[in-house]
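> only the shape, not the letters, is given here:
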C-alpha cells in the first residue's frame, strides 16, 4: 500500500459528501429536488416565457376551459390562467425563500446566543420566545401590516418574523449539547472570542437540523401567504399568488372547475416536493434520526 | 378591519361542514318554516341601531323591524298608511301637516308613544353634535336647516310642535310633494327619551342605550339578541298595536358579506333570502331554478366617488376621462352577467317620468385627449391611484375590470384596496380616499332623493365637490316650482351641470337581485325593493301546493 493511498483512506469523507450519497439513494427526495429546481427556473424565466401578460384582460372571452390558445383555460376576465399561474408562482416561491431566510437569520442568531450564553440570558430569551408563541400569529402579522403599511416585501418579512420561533428553539437545543463538547472547551481554552467560537465551531456543527427545518419552513410560509392573501391581507389584484388563485377558483369551482384544479395542483405538487426534499435531507444529514 | 375576511373564511369553512352534513337533521329553512322564523341574509354587519345615527340598507332592515315612524309604506303599492300616527290632515296650501297619534301605540317598556316623543326625537336628530347623516330629510321643515346650522338657537321657531299628547303639527317651508314619504325613513323614527338620556347625552352617538338589554323600541319586533358578526335576532312584539297581523315569530339576520357564501348557504337550506345574487351563478339559476332567483328594477345607482379635493383629481377633465373609459356595456355583458344596466348619471331612468341627462358615453379617444389637456398625456406624471371598496366579491370583480380599463386606455395605474365596511365608511366620510366605490339607493320615489345629497355641506356628498348654482337649483328653484314639469326642468339642469363636472363616476343602475326560497311569502316586488316584515310569512306547505297544481320543480 502506497503512502498516498493511506492518506486517502484516512482522509475519510466529509459530512456533506456522506449526506449527498445518502440523499442520492432517496428517489423521492431527488424527485423533490428536481421539481423545486424546475419551478425556480420557470419562476426566474417567467417574464420572458409567459404566453400572455398577467393583467391582460379579454372581457368578451370570459372564462373558457383549456384550449390550444390557453393551455390551462382563462378566468372570468379572460386572463390566461397559465400566465397567472406562472406569475403567481413567482410570488409564492419568493415568499417561501425570503420569509424562510428571515426566519433562519433571526432564529439561528437567537437560539445560538441563548444556548451558548445560558443562565439568566437564556431564561429571558426563551421566555420571550414562549410569550411570542402565545401570541396569535395572524393578529401579529395584521398589526405589522397596519403599522407599516402594505407592501409585498413587508408581507414576506412579517411572515418570516413569526416563523423564527421554532427555529430558535431547535437551534438552542442543538447548541446546548455542542457547547460542552471538547472541541468547544478547547477553543475556549485557547482564548478565542465568543463570536468567533459561535461562528467557527458552534453554528457549523448545528447546521444539519437547521437546513432540514428550513426546507420544512418553506412550504409552511407558502401556505401562510396563501392564507393571508385569502383573507385579503396579502397581495391585491391584478397581482396574484397561488393562494389567491385557489381562493378565487374555489368561489367558482362549480361553474369553472379548471380555475381551482390547476392552481391547486401547482401548490400541492410544490408542497409535496418540498416536503420530500426536507424529509430526505433530514435522513441524509442526521443518520441517527433516520429509521434505517 | 380584519373581522370581515376572517369571518368570510370561517363562514366558508362552516358552509363546507354544513354541506357535508346534509341529510342529517333539519335545515334552517325547514325548521324556520315550521316555527315562522325567517332566516334573512343581511349582507353586512350593521353599524348600530340608533335610527338617527345609522346609514345603510342592512341597518334599515333591522331598524325598520324595531322602530316605527308616523307613517309606513304599503309594501305592494308603496302607498302611505298610518303607523304611529292614526291619521293626518294637510292644510290647503300644503304646508301644515297635523298628525293624530294612535291611542294604542306603546313603547316596549309600556309607555305610550306620544306626540312629545316625536317632538323630542326630531329635536335630537337636528342637533349638529349628533352628526346625523340624514339630517337633510328634515330640511323641508320650516327653520329646520337654520336650526341645524345654528343660525337660530330657539327650537320653538322650528316648524315641529307637539300641541298635546295626541297632536303633532309640522310646518314646512314649501309644499313638498314627497314629505310624507320621508316620514317612513328611519331618520325620522322616534326614540325613547328616558332611555336615551339614561345612558348618555341626547346628542351623543353610540352610547349604551342601543345595547340589546337597554334598548326601548316601538316597532312590530323586539330585539332578542345580537352576537356581533354572527347573527342578530328580533322576535315578534306581542304588545305592538298591529300584532295580530304580524305572522313571523322571529327574524334571524345573518351578516354575510360574501355572496358566494350566501349562495352556498341558500342552496344548503340555511337561508330563505340572500342579500344578493352570486353573479357567476346567475346563468345556472336562469337555466335550472328561475323561480328561486328574483331580478327586478330598483332605484339605485352604483358609482365611484372621486375625492375632488386631491390635486390630481381636482381637474374635471381628469374625472371625465376616467368616466369615459369605463366600458359599461361590456362590463354588464361579461363580468356582471346582465344583471344590471349601464348608467351615465346619478338618477335612474323613469323615476316618476323623469329622464336623466346623458352627457357622455364610452369614448377612450376623447378621454385620452382630455387627460392630455389636463397635463397627463398617456397618463405620464399621473400618480398611482388607490381604488377602495368594501370587501365583497362583486365589488372586487368590477374594480379589477375597471382597473384594467383605466390602465389600458389611459395609462393610469390603479391599486385596489378592500376594506371592512366600518373602516370603508369612515375613510370615505373623512376624505381618506382617492376613488371609492359607492352606491345610492333612493329613499323615496322622487329624483330629489338622488340629487339633494350632492349639495355643498351634505354629509353624503363626500367628494368635496360643490357648486353654488347646483345648490340653488336643488334647494331653491325645485322646491318652489309650481308644476312637476318646472320642477323636473330644474332637476335636469342641475344634474346636467353636475355630470359635466363629474364629481363621481356613474357605473350602473341597480336591480334588486336575490335568491328567494319559494316558501317565503309577502316579500312583494316593487321599485324601492321595500319590504315590510309585518307582511311577511313562511308557508311550510309550499312544496305540496306546487305539486298539487302541477308546477313542481
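Ah, there it is. Since the model is a prediction, treat every value here as computed from it, not as a measurement. Residues are numbered from 1 along each chain as shown, chains lettered A, B, ... in the order given.
> please make it C-alpha for all contacts and neighbour counts, starting now.
Noted.
> what ranges does the stretch 151-292 of chain A have for its strands?
Remark: no strands are assigned in the stretch 151-292 of chain A by DSSP state E, counting those that start in this stretch.
> for it, what spans make up the helices?
Counting by DSSP state H, counting those that start in this stretch, the stretch 151-292 of chain A has helices at residues A:152-178, A:182-189, A:194-197, A:203-205, A:207-230, A:242-251, A:258-285.
> ok now the first one, how far from the chain's centre?
Using CA atoms, centre = their mean, to the nearest Å, the distance from the centre of helix A:152-178 to the centre of the chain it belongs to is 12 Å.
> that one and chain B, are they touching?
No - on the criterion CA under 8 Å from any CA of the partner chain, helix A:152-178 is out of touch with chain B, staying 13.0 Å away.
> who's in contact with whichever residue of the stretch 151-300 of chain B sits closest to chain A?
Distances between the stretch 151-300 of chain B and chain A by CA to the nearest CA are smallest at residue B:260, namely 6.3 Å. Counting by CA atoms under 8 Å, 6 or more residues apart in numbering or on different chains, residue B:260 touches A:251, B:278, B:393.
> quick one: low-confidence parts of the stretch 1-150 of chain A?
Along the stretch 1-150 of chain A, segments meeting pLDDT under 70 span A:1-13, A:15, A:149-150.
> flag every residue of it that's near chain B.
A:55-57, A:59-60, A:62, A:76-77, A:142.
> in CSV, list those along with neighbour count and secondary structure.
Listed next are these as CSV, based on neighbours: other CA atoms under 10 Å in any protein chain shown; DSSP: H, G, I helix; E, B strand; the rest coil:
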residue, neighbour count, secondary structure
A:55, 22, coil
A:56, 16, coil
A:57, 22, coil
A:59, 18, coil
A:60, 14, coil
A:62, 17, coil
A:76, 23, coil
A:77, 23, coil
A:142, 20, helix
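> any chance of a markdown table for those residues, columns distance to residue A:246?
Shown next, in a markdown table, are the residues of the stretch 1-150 of chain A next to chain B (distance: CA to CA, whole Å):
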| residue | distance to residue A:246 |
| --- | --- |
| A:55 | 17 |
| A:56 | 19 |
| A:57 | 19 |
| A:59 | 21 |
| A:60 | 23 |
| A:62 | 18 |
| A:76 | 14 |
| A:77 | 16 |
| A:142 | 21 |
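> of all the residues in stretch B:345-362, which ones are buried?
Residues of stretch B:345-362 classed as buried by neighbour count (16 or more other CA atoms under 10 Å in any protein chain shown): B:345-349, B:351, B:354-357, B:362.
> give me the lowest-pLDDT entry from the residues you listed.
Taking pLDDT as the measure, the buried residues of stretch B:345-362 have their low point at residue B:351 (81).
> now do the contacts for that one.
Per CA under 8 Å, 6+ apart, neighbours of residue B:351: B:299, B:445-447.
> and the most centrally placed residue in chain B, how far from residue B:300?
The residue lying closest to the centre of chain B (CA atoms, centre = their mean) is residue B:57, at 3.6 Å. Separation of residue B:57 from residue B:300 (CA to CA, to the nearest Å): 12 Å.
> before we move on, what about residue B:342?
Residue B:342 is 12 Å from residue B:300, by CA to CA.
> coming back round to it: what about the residue of the stretch 151-300 of chain B closest to chain A, which SS state?
Using DSSP: H, G, I helix; E, B strand; the rest coil, the secondary structure recorded for residue B:260 is helix.
> what does the stretch 401-550 of chain B put close to chain A?
B:401, B:404, B:415-418.
> narrow these to those in strands?
B:415-418 (DSSP state E).
> which among those residues count as buried?
B:415-418.
> surely residue A:280 and residue A:24 touch.
No - the pair residue A:280 / residue A:24 is not scored as a contact, 9.2 Å apart, by CA atoms under 8 Å.
> higher neighbour count, those two?
Applying other CA atoms under 10 Å in any protein chain shown to residue A:280 and residue A:24 shows that residue A:280 carries more neighbours, namely 26 against 13.
> angles on the backbone of the closest residue to the more buried one other than its chain neighbours, please.
Leaving aside its sequence neighbours, residue A:280 sits nearest to residue A:29 (CA to CA, 6 or more residues apart in numbering or on different chains; 5.0 Å). Per-residue torsions, residue A:29: phi -60, psi -40 (degrees, to the nearest 10).
> correct me if wrong: residue A:29 contacts residue A:276.
Yes - with contact defined as CA under 8 Å, residue A:29 counts as touching residue A:276 (5.0 Å).
> that older thread, tell me which two of the buried residues of stretch B:345-362 sit farthest apart.
B:351 and B:362 (24.0 Å; CA to CA).
> count the residues that sit near residue 219.
Since you didn't name a chain, this refers to chain A. Neighbours of residue A:219 (other CA under 10 Å): 26.
> can you look at chain B instead?
Residues near residue B:219, counting by other CA under 10 Å: 29.
> distance of it from residue B:113?
From residue B:219 to residue B:113 the distance is 11 Å (CA to CA).
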